[in-house]
Each structure stands twice: as C-alpha cells, then as structure tokens.
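In: Here is the input, now give the coordinates:
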Amino acid sequence: MNVLVLIASCLVGFIEVVFALVIFRGGLKEKLNKSCFFFLFLVATSVLFNYLSNVLELGHIGLLYVNRALFIVSLLEIYSIFIFVVTVTQQYVSRNVSNIYIFLVSIISVFATTPLIVKDTVIGGENISYVGIELGPIAVIYFLVVAFFVMHAVVSLVLGIKAGREQRIRSSSKTLLLTVGIAVVTIFITNVIMPVAFNNLYFSTLGPLIGALAVGGVSYAVVRHGLFDIRLAAVRSVAYSLVLITLAGVYLIIAFAFSKMFNSELTGLSQTMSGVGISLLLALIFQPIKRFFDKYTNKFFYKDHYNSYDFIARLNKTLAVTTDLRDLLERTAIEIGHTLKSEQAFFYIYTLDGHYVSSGTPHHKQLSISDAFQLTSSNNLNREVLIASLMDPEDSNRRLMLSRRIELILPLVRSNKCVGYLCLGDHLTSSYTNRDMRVLDTISDELIIAIQNALAVQEIREFNETLKQQIANATKELRTKNIILQQLDKAKDEFVGMASHQLRTPLTSIKGYISMVLEGDAGKISGPQAQLLNEAFTSSERMVRLINDFLNVSRLQTGKFMIDKHPADLSKVVEQEIDSLQSNAVVHGMKFIYDLPKDFPMINIDEGKMRQVIMNFADNAIYYSHDGSTILINLSVDNNNVIFTVQDTGIGVPSDEQASLFTKFYRASNARKQRPDGTGVGLYLAKKIITAHDGKIIFNSTEGKGSTFGFSLPLKQN
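Out: Residues are numbered from 1 along each chain as shown. Below is the predicted model of the structure:
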C-alpha cells in the first residue's frame, strides 16, 4: 500500500476518534450527540477495515473476514449518516418505520457475515498485488438497502433546506447536503461500485480521504451552525489531559527522587511498597488537582458561562418587580443582555392601541414600524429565532439586522399573534450557542405573559386617566350649567313671585264683585245667572289658591316662607273647607263623609296654610275619583298625635312613580291624563307645610283602586 495513503488513513482515523471522544465527553443524552458520535466512530472503524482489506499478509481467510466486516461497517456507517441527517433536519420517521429500518439493517448485517453477500475473496495478479471479492446471491439486496438509506438522507436534507423550522436547520442542511452528500456518493463509488466493477479493492483505499471530507463537513456544520455545544467536552478533555500530565509528572519526580535517594538499590518488596505509596499519594491529590484545573479551564474557556437555572430565577424575579411596561422591558433587557453577553438588548412591543414601545439597554438601536412590518410579514408568525450570521447574504432581514447591529431576533408569538420582538446585538466574547437558543425558547412564554399583563395594566391606567379627565371635564361643564340653571331658577322664581302678586289683586277684585252680584247688591238675578256666577266664583277661588301656591313656592325658594302658628280648632277648619267644596262635589255626583269629632282639642297651627293642605287633599280626591264615588274624611287623636286623612276610590298612583310624588312640579303619568291643567305644586307645598309643623305626611295608594292622603301632627306644637 502506498505510504502516503497509509499516513492519510492514520491521520483521518485519529482525527475522527478524537472528535468522537470530544462529543462523547460532552454527553450522549441528546439524540443529536448520539448520532454524531456513532457516525464518527463508524467512519473511523471503516478507515481501519479499509486499510486491513488490502493487507495481503492477512491471508485468504483473514481477508475474507475483514471484507465481510467492511461490508457490515459500511452499511452501519451509511445508516448512521442517515440517522444523523434526519436528526439535524428534524425530518423524523415514525417509531414503527424506525423499528423496521433497524430490523432491516440487523438482518442485512447478519447476512453480511455469510457467503450470501460476500462469497469469497480473490487474491490475484502476476505479483499477487490486489485483492478482489466474489459477491453472493443476495448482494444486490445489500446495495439496494444502502442506496435506499443514501437517497432517504438526501431527501431529508432537501426537505430540511426547504421546510426547516429554524434558520439553523436550513443552513446546516445546505452544508451537510454539499459535503456529506459528496462524501457518501464518493465512498459508495470507491468502496462498492468500483471494487465490484473491477473486482479489485484497491480503490477502497481512497475511502479515508473521502471520509476526511465527511468529517470536515460534519465538523463545519456542528461548529458553524452551533448544532450542539462541544466546548464543554473540549474543556473537560483539556482539564483531564492536564490532570493526567500533572499526575504523570508527579509520579516521575517522586520515582526519580526515590531512585536517587536509594541509589537504585530498592529490593522488589521495597519497589512494591514505594509504588503503592506513590499510588496512594496520587489518589489523594487527584481531586484537588482536578478541581484546580476545572476551575481555571472554565475561567479561561468559559468567560461567558452562566447557570441557566439561576438566570431563569433572576428573570422571573425581574418580571415580578413591576407592571410598568417600559420599566419592565428595560429591566428584562438588561438582565438578558448581561447574562448572554450581548452588545445590546432591547424589546419592540406592539401596544393595544396600535402603537409600539421600544425599551432596552442604554444606547440600544431601534426598529422602525416598517422594519417590524417586514419581520412580521417574512416570519409568518412562527417562533423561529433569526440569526444574522446564519442567514442568506441576500436575505432582506439579514440586511436589516446588520444595519441595526442585531445578531439575533426572538419573535414573541402567542396564539398566532405576534406580541413583539426581543433583539440581541453581537456576542461580546464569541457567538451565541445552541444552549442560548434553548434558554431563550424556555423564557419566551414567560416574557410574553409578563408583557401582556403589563400591557393590560397600562391599558387600565390609560383608561383611568382618560376617565378621570372626562369626569373632570363633565364636572366642570355640569358646574357651569348648574350655575346657569340656578340663575334661570332664580329669575323664574322672581318672575313667578312678581306675576303672582300682580295677578292676585285683580283676581281678588273679580271674586269680590262676583260675590256682591250673587248677594243681590246689583239687583235681583235669575236662577241661570246665579248658576253661572257660582261657577265663575268657584273658578276665581281656585285661581286665587293656585296663585297662593305659586307665591308660597317662590317664598320657599327665596327663604321667605314663614309659619305663623296660633291656637285653632282643626276640626272646624276641616269642616269649613269640606263645606266649601260641597258644590264642586255635587257637580260630579260625589259626596263627602265627615264625622265632626266632639270636644276636639285646640292645636297651635298656621291656620291659613293648613287650610291649603286640607283643601289640596280634598280637591285632588274630587278630581282623581270616578263620578258618583264617596270620599271619606277622618280626623282623630291617637297617641298625642292629630291624624287627618282623605280616602278616595280613584285612579291611584303607579307604584314606580310614588317616590317622586311630593317633589316640585311632579305629576304622575295617569294624573296628567286625568287632569291636564294641574301644576304639580300642591303636594310639594303640603309636605313642606306639614314638615314645618313637625308633622309627617300620610300616603298610601294602589293604582286603579284609590289613594289615602293625610298628615299626622304632634298634639303639642311649639
């Protein structure tokens, strides 16, 4: 075999083993690590068997077993490449299909140990210079299986390029399709097609060189696209190497010291005892030395190392500190930027009113509305992290990010709605790792929830401020209008008072002249004339009472309403007022029933105003009762209180309107229909007069069945 090929094979095999050991030191818990480790291990193994398959010194039987083993390793190598590719591209097959693949590879591997695939080896040539193979009856199945896994891997890479969920997957798929694809095809040609076509395994010696291309492509994809973080494995390997070198140095120094001290005259037992002592010493100092090198290698290689659990705990604490949106974004951006060693970190968040808020570390760049629209349109509302260094140079988003000195953008998406973006600048020490991506993916939901809560609180605050301003404006407007209304009310009261005074004098004259005519002072009158004059006299009396009511309302408004109490016989007052209304009751076919109480006590009252109350209650009973009905008048003394009531069987008062009945100018809806000319001041004045006498209004009514109006007065008035 050519010496250069041998040296290249050894070098490639050594590199592959070292790379596999580094990945092994990083841990095989994740599927990607496992698939990459077994791929590199099998490539290194195939290099070994490629070399042995051309060593004629192994003899006929030895070469037969080596070539059968080479076929098995080659199949497993192709299958491991397939597993690595589908893991990188995330184009996984179902568990059932995976079990079928494993079963198929296992069966073909078993058959490869029999003459069914590699029947025999042929050592030929004039100088016995080459090795050939004789294929078995089912060798074609072997090649079909190999071709199937190769094509499956290529299809997975193509799908990874076109439909990869993340930019990292698409970029690494391109690299692997270019490098590993070429390597697989070339290995297939040199290790399978050409040996079969020329019946000579010499071409398989080119396999290690092609294997170097595969390893190079995988290494580039792992490091360039951060498929997994191998730095920890590398750091640990360096630390262990330094520990071993230190222990070996200590051992040599102690052994050299012993040999010098005893002049190499140690017996076998002494040498054994000294060896045990040195071993115990090395065992004792192993852990301190290991901790020493772990500490300083981590400090040197992992300047940007952080504990993800501590970071998430700090971030949760930060998110719980405040609900002010801008303050929350600034605190969170500073924490994330400091932990991930970002040159800058800031948020771009859409607000509920269609605007946006941008906040982050000091002197951070900003996205414009058009930038955010471009990101949202191109990103199609998925949660893919955008990494500028992994994107196509012609990508418009990459140009946008570079212009803003942004290396990484994390879309904050919840329920197919983009809340905003977290933007990170260049890494201050190296580059963002796959571990950083996992941490960002972990905290994204918590960030979204905290931001949405802050947005809701901000909306409530803004609503409260708007509401306060609206209330203040409305209050100011109401105060202004209230002043105007007070002025209008005052003017109205003045007008009512003035008009009432002016009207009362001529009405009094009219009433007096009608009375004189009725009494015959102007001569004898006929019956019809007397009836008409009585109607005119009654109307003038009602007009006088109405004017007195308006005057009293005016006096109440101006504070001139006075109660002038004198001893009076209330029973006689009630009798007189009822008698004055008898003619009006007779016109409507009604009658009053009033039993004059005997020996009724005298009571201090304002007789004139009390007459107004009695007249109002009795007059309302006439107008709001049905023709032909009876009105009951009652006056009595009960528990040192004078009780007066007027009970009718009229229209009553609707229950939902009773609370407003004694307010100024208020009239019930059915009363307005029954008597359109009412004013709504009678009951208002009645309550004021009774209250001024330290009494209480009595009122009870059922719509359609009648009402009871009255009052109670303390027997002893002040």
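In: any chance you could map the strands in the chain?
Out: Counting by DSSP state E, the chain has strands at residues 118-124, 130-135, 345-350, 356-360, 386-387, 408-414, 417-424, 566-568, 591-594, 603-605, 630-638, 641-647, 696-702, 706-714.
In: Least confident of these, on average?
Out: Of all those, the minimum mean pLDDT falls on strand 130-135 (a mean of 69).
In: What number of residues are in the vicinity of residue 317?
Out: 11 (other CB atoms under 10 Å). Every C-beta, even on glycine, is put in place using the N, C-alpha and C of the backbone.
In: about what we covered before: between the strands of the chain, which one is closest to residue 446.
Out: Distance to residue 446, taken as CB to CB, is lowest for strand 408-414 among the strands of the chain, at 10.6 Å.
In: strand partners of the closest one, parallel vs antiparallel please.
Out: Note on strand 408-414: by DSSP bridges, its sheet partners are strand 386-387 (antiparallel), strand 417-424 (antiparallel).
In: Now render those as JSON lines, adding mean neighbour count and distance to residue 314.
Out: Shown next, in JSON lines, are the strands paired with strand 408-414 (neighbours: other CB atoms under 10 Å; distance: least, CB to CB, whole Å):
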{"stretch": "strand 386-387", "mean neighbour count": "24", "distance to residue 314": "24"}
{"stretch": "strand 417-424", "mean neighbour count": "22", "distance to residue 314": "16"}
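In: want to try TSV for those, with distance to residue 92 as columns?
Out: Putting those into TSV (distance: least, CB to CB, whole Å) gives the following:
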stretch	distance to residue 92
strand 386-387	23
strand 417-424	28
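In: Tell me which of those sits nearest to residue 666.
Out: Proximity to residue 666 (CB to CB) singles out strand 417-424 among the strands paired with strand 408-414, at 55.0 Å.
In: How far off centre is the closest one?
Out: 13 Å (CA atoms, centre = their mean, to the nearest Å).
In: CA atoms only: put that strand into CSV for me.
Out: The C-alpha trace of strand 417-424 is given here as CSV (Å, rounded to 0.1, in the frame of the first residue of the first chain):
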residue,chain,number,x,y,z
LYS,A,417,-50.3,36.6,17.3
CYS,A,418,-47.0,38.5,17.3
VAL,A,419,-46.7,40.5,20.5
GLY,A,420,-43.3,41.9,19.5
TYR,A,421,-39.6,41.0,19.3
LEU,A,422,-36.6,40.6,21.5
CYS,A,423,-33.4,41.8,19.7
LEU,A,424,-29.9,41.0,20.8
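In: now it against strand 345-350, angle please.
Out: 160 degrees (axes from the mean of the first three to the mean of the last three CA atoms, to 10 degrees).
In: can you list contacts of strand 417-424?
Out: For strand 417-424, the external contacting residues (CB atoms under 8 Å, 6 or more residues apart in numbering) are 333, 336-337, 340, 342, 344-350, 356, 360, 364-365, 367, 372, 375-376, 379, 381, 404, 406-413, 432, 440, 444, 447-448, 451-452.
In: Can you list the low-confidence ranges for the stretch 501-650 of the chain?
Out: For the stretch 501-650 of the chain, applying pLDDT under 70 flags the ranges 501-505, 507, 511, 544-561.
In: can you map out the helices along the stretch 1-150 of the chain?
Out: Along the stretch 1-150 of the chain, counting by DSSP state H, counting those that start in this stretch, helices occupy 3-26, 31-52, 59-89, 95-111, 139-163.
In: Let's have those helices in JSON lines, adding mean pLDDT and distance to residue 179.
Out: Formatted as JSON lines, the helices of the stretch 1-150 of the chain follow (pLDDT from 0 to 100; distance: least, CB to CB, whole Å):
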{"stretch": "helix 3-26", "mean pLDDT": "53", "distance to residue 179": "15"}
{"stretch": "helix 31-52", "mean pLDDT": "70", "distance to residue 179": "13"}
{"stretch": "helix 59-89", "mean pLDDT": "82", "distance to residue 179": "11"}
{"stretch": "helix 95-111", "mean pLDDT": "89", "distance to residue 179": "24"}
{"stretch": "helix 139-163", "mean pLDDT": "84", "distance to residue 179": "11"}
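In: any chance of the ones you listed in TSV, with distance to residue 624 too?
Out: TSV is the format used below for the helices of the stretch 1-150 of the chain (distance: least, CB to CB, whole Å):
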stretch	distance to residue 624
helix 3-26	100
helix 31-52	93
helix 59-89	93
helix 95-111	90
helix 139-163	86
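In: As a markdown table, the ones you listed with mean neighbour count would be great.
Out: Formatted as a markdown table, the entries for the helices of the stretch 1-150 of the chain read as follows, by neighbours: other CB atoms under 10 Å:
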| stretch | mean neighbour count |
| --- | --- |
| helix 3-26 | 17 |
| helix 31-52 | 22 |
| helix 59-89 | 22 |
| helix 95-111 | 14 |
| helix 139-163 | 17 |
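In: where are the low-confidence patches of the stretch 201-350 of the chain?
Out: Using pLDDT under 70, the stretch 201-350 of the chain drops low at 201-245, 247-248, 252, 255-256, 258-279, 282, 293-305.
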